[in-house]
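> A predicted structure for the sequence below; I have some questions about it.
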Amino acid sequence: MKCESLALAKYIDKSPGIFFIYGEEIVLQNYAKDFINDFFKKEGFVEKKIITKKDFHNIEKILIENTGGSLFGSKIIIEIIHDGGKIPKEIVDIFKFKESKNFIILIKSPIKKISQSTAWVKKMNESALIIECNKLKSFEEKIWLKSQLDFISENNVRKYVEIISNLFPGNLVAQQNEVNLLKLVYKENEQINTNLIFDGGEFSPYELEDKIIELDTSGALRIVKSIHKNDDHYAQLLVWIIGKIVNTTVVAMQNSDLRKGLENAGIWSNKISSYTTFVRSNSLKKIIPLQKKVYELDLSSKGLAGKTKDQFWQELDNIVIKLTAA
């Protein structure tokens, strides 16, 4: 059985308990994975086990061991990460397992296309729900975007859909980033000004990302100081942007293929070159401790860390300097 990612809600309870997610749109893949996890969590599947390539040879053993649930008697979601290339025999063999009331199998793959005439796809069609996550058409993008903006009043949602879709046509990663930023602002403001995200006084918060990955210390500090003076309500957004840079760098450094690591992290193609230079100018030893600093800044921006506003902005300056010091 096969469905498109946007139609998953109609098919999820018809699946025999095995899900195969594939396609070139990583945002839709993540959406499908999260939807499945949330759906079955409500059904009592409260534990999760992740299987990567190094454990593929043990897949059958793991499934047999969990036929009766986890060691603690809980229902379990077994997530299998296929990192590319030909679908291995160990994954194909999964389709011989009968539906279990105690585990759900979720297979996530980066392959972009599958052929319905292939033997393993035929097996999968009989035993699993295949979820296709391909690029959306323009009208489908707007439907998806509207569903992500359900925290905005009906009166304003159409305006935001048009603004975001026109700014980033065909780029769901960028659109998802805009939604995430809007959610941060919405937490701080009951009403959202439609100019809040897209106009930022002398500088936009987005420009901070560019200056940091370009290792432009003075330019980055100039942006922070300008926003501090003119638009300090952007404090939490600045922390989010810095956190994105730090976390993206950690993920990319742990991938043997740097470009692929950046693409998997959702970095736009026009920024990969700058990110590559930035990542190569840093080290895990330097970057990982900054994750804790970002967490502390996030608490401080929400007034939960017992720091003054001046202390927050000083610490923000300090982390910018550390990130841009080659």
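Perfect, thanks for sending it.

> which stretches of this protein form strands?
With DSSP state E, the ranges of strands along the chain come out as 2-4, 18-22, 47-51, 76-81, 103-108, 129-132.

> what residues does the shortest one touch?
Meaning strand 2-4. Taking contacts as C-beta atoms under 8 Å, 6 or more residues apart in numbering, the residues outside strand 2-4 that touch it are 10-11, 125, 129-132, 134. The way it works is simple: take the backbone N, C-alpha and C, and place the C-beta from them, glycine included.

> Kindly recompute the last result at 10 Å.
When contacts are defined by C-beta atoms under 10 Å, 6 or more residues apart in numbering, strand 2-4 is touched by residues 9-12, 14-15, 20, 23, 28, 32, 114, 116, 121, 124-125, 128-134, 136, 140.

> repeat for the last one
With C-beta under 10 Å, 6+ apart as the contact definition, strand 129-132 has outside contacts at 1-8, 11-25, 28-29, 31-33, 35-36, 106-108, 113-114, 116, 121, 124.

> Now with 6 Å, please.
Residues outside strand 129-132 that contact it (C-beta atoms under 6 Å, 6 or more residues apart in numbering) are 1-2, 4-5, 11, 15, 19-21, 23, 32, 124.

> Check which strands are paired with it and give the direction for each one.
strand 2-4 (parallel), strand 18-22 (parallel) (DSSP bridges).

> Could I get the contacts of strand 129-132 in CSV, plus columns for pLDDT?
Supplementary listing: these in CSV, determined by pLDDT from 0 to 100:
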residue, pLDDT
1, 85
2, 88
4, 90
5, 87
11, 86
15, 77
19, 91
20, 91
21, 93
23, 89
32, 91
124, 84
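
> buried subset of those?
Neighbour-count burial (16 or more other C-beta atoms under 10 Å) is assigned, among those, to 2, 4-5, 11, 15, 19-21, 23, 32, 124.

> Stretch 27-39: which residues count as buried?
Applying 16+ other C-beta under 10 Å to stretch 27-39 flags 27-33, 35-36 as buried.

> pLDDT weak spots in the stretch 151-300 of the chain?
Along the stretch 151-300 of the chain, segments meeting pLDDT under 70 span 177, 181, 184-202.

> that older thread, tabulate the contacts of strand 129-132 (a markdown table), appending distance to residue 59.
Shown next, in a markdown table, are those (distance: C-beta to C-beta, whole Å):
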| residue | distance to residue 59 |
| --- | --- |
| 1 | 22 |
| 2 | 23 |
| 4 | 27 |
| 5 | 25 |
| 11 | 24 |
| 15 | 19 |
| 19 | 15 |
| 20 | 14 |
| 21 | 17 |
| 23 | 22 |
| 32 | 21 |
| 124 | 15 |
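
> How much space separates residue 292 from residue 243?
11 Å (C-beta to C-beta, to the nearest Å).

> Could you single out the nearest of the contacts of strand 129-132 to residue 304?
Distance to residue 304 across the contacts of strand 129-132 (C-beta to C-beta) is lowest for residue 32, with 33.2 Å.

> Endpoints of stretch 47-60, how far apart?
End-to-end distance for stretch 47-60: 19 Å, by C-alpha to C-alpha, to the nearest Å.

> How far does it sit from its chain's centre?
Counting by C-alpha atoms, centre = their mean, to the nearest Å, stretch 47-60 is centred 22 Å from the centre of its parent chain.

> Just give the number of residues close to the closest residue to residue 276 other than its chain neighbours.
Among residues not flanking residue 276 along the chain, residue 258 sits closest, at 6.0 Å (C-beta to C-beta, 6 or more residues apart in numbering). Neighbourhood size, residue 258 [other C-beta atoms under 10 Å]: 15.

> ok so, going back, narrow the contacts of strand 2-4 to just the buried residues.
11-12, 15, 20, 23, 28, 32, 114, 121, 124, 128-133, 136.

> from those residues, which ones fall inside helices?
Among the buried ones among the contacts of strand 2-4, DSSP state H puts 11, 28, 32, 121, 124 in helices.

> Pick out whichever of the residues you listed sits closest to residue 160.
Closest approach to residue 160 among these (C-beta to C-beta): residue 28, at 19.8 Å.

> wait, isn't residue 45 in contact with residue 75?
Yes. Contact criterion C-beta atoms under 6 Å: residue 45 and residue 75 qualify, at 4.3 Å.

> In TSV, list the buried ones among the contacts of strand 129-132 along with distance to residue 94.
Output for these, formatted as TSV (distance: C-beta to C-beta, whole Å):
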residue	distance to residue 94
2	17
4	23
5	21
11	19
15	14
19	11
20	9
21	14
23	19
32	18
124	9
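
> State the distance from residue 266 to residue 231.
When distance is defined by C-beta to C-beta, residue 266 is 26 Å away from residue 231.

> now residue 2
For residue 2, the distance to residue 231 equals 47 Å [C-beta to C-beta].

> before we move on, what about residue 60?
Residue 60 is 57 Å from residue 231, by C-beta to C-beta.

> swap in residue 149?
Counting by C-beta to C-beta, the gap from residue 149 to residue 231 is 22 Å.
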